[in-house]
Structure formats: structure tokens, C-alpha cells
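Undergrad: Okay, here's the prediction I keep looking at, along with the sequence it came from:
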Amino acid sequence: MASQRKKQKPTIVLTGVNGRFGRMLARALHRDYRLIGVDPRGARRLPRDVTVHTIDLRRKKVEDIFRRNRIDAVIHLNPTPEWRGRTSEHRNIAVLGTQKLFSYCAKYQVPKAILLSSAALYGAHPDNDQFLTEAAPLMAGSGFATMRDLVEVDMFATSFFWKTPEVDTVILRPVHIVGDLNNGVSLYFKQKRVPTLLGFDPMVQVISPEDVVRSVVLALKPGLRGVFNIVGPAPLPLTQLIRMTGRRPFPVPEAVARSLIGIGFGVGATGVPSAQLDYLKYVCMVNSDAARDQLRFKARMSIEETMAPLERRRPG
């Protein structure tokens, strides 16, 4: 009797695969999926069975990947905002790259497209509801140009969701991802002196990268589509989160903070630009009922486990 032909794994295109989170996601997926990574930074410390194309999303060679392979899903890791400010190149990579990628999803009839966005795009404002739903407007771009690019990417994907129903589009908006990462929030908590604003102590939601990886895996379910806020353990005051890392809050009057942080930001002394200080003042928390009910997602990591990678290492 002839041996049964081995079933081919579904094929996923994963952008941003060379970032720390991208590598974590690749390790979670590669056994069940054939992964094709796209990242202009190349590849390092990835499973051997992950194929990586060192190309920019805006290049025509990206379309060759779709033309030569039957792609079952695309996972687009939206580039995180660089606190050093916005450039025209950043906008081109973030916005035009996303537009190209999603156009290939439509052209080559890719069944699933996932964008990893951010709940921070709702913005921190004094008049925010306590818990924002997915219907809330994305207001973060009003004071920070790089965030405007990411808002534009999210809004483009949302528009694609409605205009291209044949592609099951999923937009994930996780709260602040903290851990062994180089994103702005993790770098903020890792500072020797963690600045806060005198008189303000907002409630903050954080989530581990491990839980965000789980949400992406769940989003691959066939037929699932929509926009989902992704939350971790119960929120805590900012100062309490800082103390969990073994550090102390460093309260500064707002006027002084805007001046000092602006100067420090320019020389790399802090991970928070002055335009982002509203997140140290006001609440930006989200409701996750849709993710619970439709995605069947619930964070597994406790707040202690989530903050543990940020704990200050003591000598000896």
C-alpha cells in the first residue's frame, strides 16, 4: 500500500519577524505552519525552518512571495513607534508598506490578514471613559507624529476589513506590552529613575508578550474577523507597577518634566518623549469583552509574572 502523502502545513507570511516579539511569535508558530518571514533587518535566532526574505515591504519582490506561494494567512506586526520622532521614511515604511501588503492579500485571495496594532492608539485623555470599546475613536495621533502614522495604519486596516469582506481581517489592539523587549513602555520601566508626573497616578493596563502571542494564534481561526482589544491582568496604578520592578517612582512637576524629558530624550537618557506625557497623567484603559466572547482569549500571566522580566537586577 502506498504511503499516505504528508499533509502540507498552511503557509503564513510574517512581517517584522526579526524583532524580539516577531522571533517569539515565529517560535510559537513554526511547528504548525510554514513560515515566510519578511523583514529588512534579515534574520537571527529563528528556527531553521523559517524562510526569511530581507526586503522592504514596499518593494516589488514582496509580491513575488504571494505569486509563487499559496498564502493562507498574513500576520503584520505594525512597527512600534520610535520615541526619537517621526521621519518621512518611517511613514513610508509604516503606511505604504501596510497598504502594499494588504493589497496583495486581496489580489492573491489570502483568506486571513492579521494586524497587530495597539490600544495606546486610543490616546490618554482626561475625558476618556474608564474602559474604551473598539468603537472608540483613535485619538493618539493628535500630539505625536509617529503615533499618527500608526493610527493611519490601523484605520487603513479597518477600512480594508469593511471593503474586502472576502479576507477575514483581524485587528488586535493589545494594551501596553511589557517584558524583555525594546519597546518604549518596557524601556520606560527599566530606567534607573522612573519619572512620573507630580499629582498624577493613572491606572494602567499591561500584558506579557506571551499572552499577546496567544491572542495572535487564536486570531488565526478560520472565519474569525473583527477588531479586538487585548488585555492582560487587572490594571494597577502606575506607581505600583513601578515599585513591582524594584524601582521607585520619581515624581516631577509637569512643566519641569516636559523640559527635562525633552532634553533627556535628545541624548537618550529616557524612553519617554514629552509628547507622550499624557499617558503618565490620564487613563487609557480598554474593554476586552469582544476578545473574551469571540476570540475566546483570556490572559494567563498574572501581574507578577507579567512584570517579572522588568525587575531590577541586584548585584550578587
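TA: Received the coordinates, thanks. Computed from a prediction, not measured in an experiment: that's the story for all the values here.

Undergrad: Now do the longest strand along the chain, average pLDDT.
TA: Longest strand in the chain, counting residues (DSSP state E): strand 168-174. The predicted model assigns strand 168-174 a mean pLDDT of 98.

Undergrad: Quick one: name whatever helix or strand follows that strand.
TA: Going down the chain from strand 168-174, the next helix or strand is strand 176-177, by DSSP states H and E.

Undergrad: list the contacts for Val50?
TA: For Val50, the contact set (C-beta atoms under 8 Å, 6 or more residues apart in numbering) comprises Val17, Ala26, His30, Leu35, Ile36, Gly37, Ala43. Heads up, the C-betas are built off the backbone N, CA and C, glycines and all.

Undergrad: Report the two of the residues you listed separated the most.
TA: His30 and Ala43 (12.2 Å; C-beta to C-beta).

Undergrad: Show me the beta-bridge partners of Arg173.
TA: Here Arg173 sits in beta bridges with Asn229, going by DSSP bridges.

Undergrad: and it, how far is that from Arg214?
TA: 15 Å (C-beta to C-beta, to the nearest Å).

Undergrad: So if I had to pick from those two, which one is more boxed in?
TA: Arg173 (24 against 19; other C-beta atoms under 10 Å).

Undergrad: The more buried one touches Leu115, doesn't it?
TA: No - between Arg173 and Leu115 there is no contact under C-beta atoms under 8 Å: 9.2 Å.

Undergrad: Mutual contacts of these two, please.
TA: Contact with both Arg173 and Leu115 is made by residues Asp154, according to C-beta under 8 Å, 6+ apart.

Undergrad: what about the residue nearest to Ala106 when sequence neighbours are not counted, how many neighbours?
TA: Among residues not flanking Ala106 along the chain, Thr164 sits closest, at 5.1 Å (C-beta to C-beta, 6 or more residues apart in numbering). Counted with other C-beta under 10 Å, residues neighbouring Thr164 total 15.

Undergrad: can you pull out the strands in the stretch 1-150 of the chain?
TA: According to DSSP state E, counting those that start in this stretch, the stretch 1-150 of the chain carries its strands in the segments 11-15, 34-38, 51-53, 73-77, 112-116.

Undergrad: now for the shortest one, which elements pack on it?
TA: Right, strand 51-53. Here strand 51-53 touches strand 34-38, helix 61-68, going by 3 or more C-beta pairs under 8 Å, 6 or more residues apart in numbering; DSSP states H and E.

Undergrad: Try it again at 10 Å.
TA: Secondary-structure packing of strand 51-53 (3 or more C-beta pairs under 10 Å, 6 or more residues apart in numbering; DSSP states H and E): strand 11-15, strand 34-38, helix 61-68.

Undergrad: Show me what counts as buried in the longest one.
TA: So the one you mean is helix 61-68. Val62, Ile65, Phe66 (16 or more other C-beta atoms under 10 Å).

Undergrad: hmm, back to that, spit out the contact partners of the residue nearest to Ala106.
TA: Counting by C-beta atoms under 10 Å, 6 or more residues apart in numbering, Thr164 makes contact with Phe102, Ser103, Cys105, Ala106, Ala113.

Undergrad: any idea how far the last one is from Pro309?
TA: Noted for Ala113: a distance of 30 Å to Pro309, by C-beta to C-beta.

Undergrad: Those two: which has the busier surroundings?
TA: Higher neighbour count among Ala113 and Pro309: Ala113, with 26 against 16, using other C-beta under 10 Å.

Undergrad: ok, back up a step: among the helices and strands packed on strand 51-53, which comes closest to Gln240?
TA: Nearest of the helices and strands packed on strand 51-53 (C-beta to C-beta): strand 11-15, 35.2 Å.

Undergrad: List the strands paired with the closest one, with their directions.
TA: strand 34-38 (parallel), strand 73-77 (parallel).

Undergrad: Now do that strand, average pLDDT.
TA: The pLDDT scores in strand 11-15 average 97.
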